[in-house]
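> Sequence and computational prediction follow.
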Amino acid sequence: MSEGLLFHAEIIPHRSLSPRALRALLRVICALCGTTALMFVWLGAWPVGGFTGLELLLAAFLFRLNARGVRGVEIITLSAAGLLVQRTDPSGARRELRLPPSWLRLELEERPGRAPALILSERARRIEVARDLGEEEKRDLAASLAQALDNLRNPRWDNPQLREDQA
């Protein structure tokens, strides 16, 4: 970390399947659906084979789309210059947003049945950060970021001459 850095968080979406496990899962799904489709075609219900093929293509596309999401990353950095939010989407496009720390407010917006939204607001701008985190991780991130903002706004100076233990 650089010297003026007060807070740094990298948020990478979690995916429970590795690419190898995803390929294995797709093979199992293809085998099961293929066996079922062959049975229906053998019984004379041949349209089931076409629909099963479409179903497999859709499943493969959705799994691929989910696995592609892990390439996105969000970086939140706080320094004396301000709070910088850098987002890189799965296709590689990068967006940056800089907010001045003096007017910055941090709030956890509770949403029934879902993880709370972590909102950074500054005057008229409101952005949600850490969308990919669960409730526990968002609360930890909010507490850490709030502490870092408090340390930036209210620095604690240590003056040895003012210490009471030196008499």
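Thanks, I have it.
> Show me what the lowest-mean-pLDDT helix or strand in the chain is packed against.
Lowest on mean pLDDT, DSSP states H and E among the helices and strands of the chain sits helix 47-68, with a mean of 87. Counting contacts by 3 or more C-beta pairs under 8 Å, 6 or more residues apart in numbering; DSSP states H and E, helix 47-68 packs against helix 19-42. Any C-beta I mention is one placed from the backbone N, CA and C, and that applies to glycine too.
> who touches the helix it packs on?
Residues outside helix 19-42 that contact it (C-beta atoms under 8 Å, 6 or more residues apart in numbering) are 17, 46, 48-49, 52-53, 55-56, 59-60, 63, 67.
> Kindly recompute the last result at 6 Å.
Taking contacts as C-beta atoms under 6 Å, 6 or more residues apart in numbering, the residues outside helix 19-42 that touch it are 48-49, 52, 56, 60, 63, 67.
> Next, format those residues as a markdown table and append neighbour count and distance to residue 10.
As requested, these are exported to a markdown table (neighbours: other C-beta atoms under 10 Å; distance: C-beta to C-beta, whole Å):
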| residue | neighbour count | distance to residue 10 |
| --- | --- | --- |
| 48 | 17 | 47 |
| 49 | 16 | 46 |
| 52 | 19 | 41 |
| 56 | 16 | 36 |
| 60 | 14 | 30 |
| 63 | 16 | 25 |
| 67 | 15 | 19 |
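> for the residue nearest the centre of the chain, what are its contacts?
By C-alpha atoms, centre = their mean, the chain has its centre lying nearest to residue 132, at 2.8 Å. Counting by C-beta under 6 Å, 6+ apart, residue 132 touches 11, 13.
> what does the model give it for pLDDT?
Looking at residue 132, its pLDDT is 84.
> That one and residue 141, how far apart?
Relative to residue 141, residue 132 is positioned 11 Å away (C-beta to C-beta, to the nearest Å).
> Likewise for residue 62?
To residue 141, residue 62 is 29 Å away according to C-beta to C-beta.
> Looking at those two, which is more packed in?
residue 141 (20 against 10; other C-beta atoms under 10 Å).
> Confirm that residue 85 lies within a strand, as I assumed.
Yes. The assignment for residue 85 by DSSP: H, G, I helix; E, B strand; the rest coil puts it in a strand.
> Nothing else from me, thank you.
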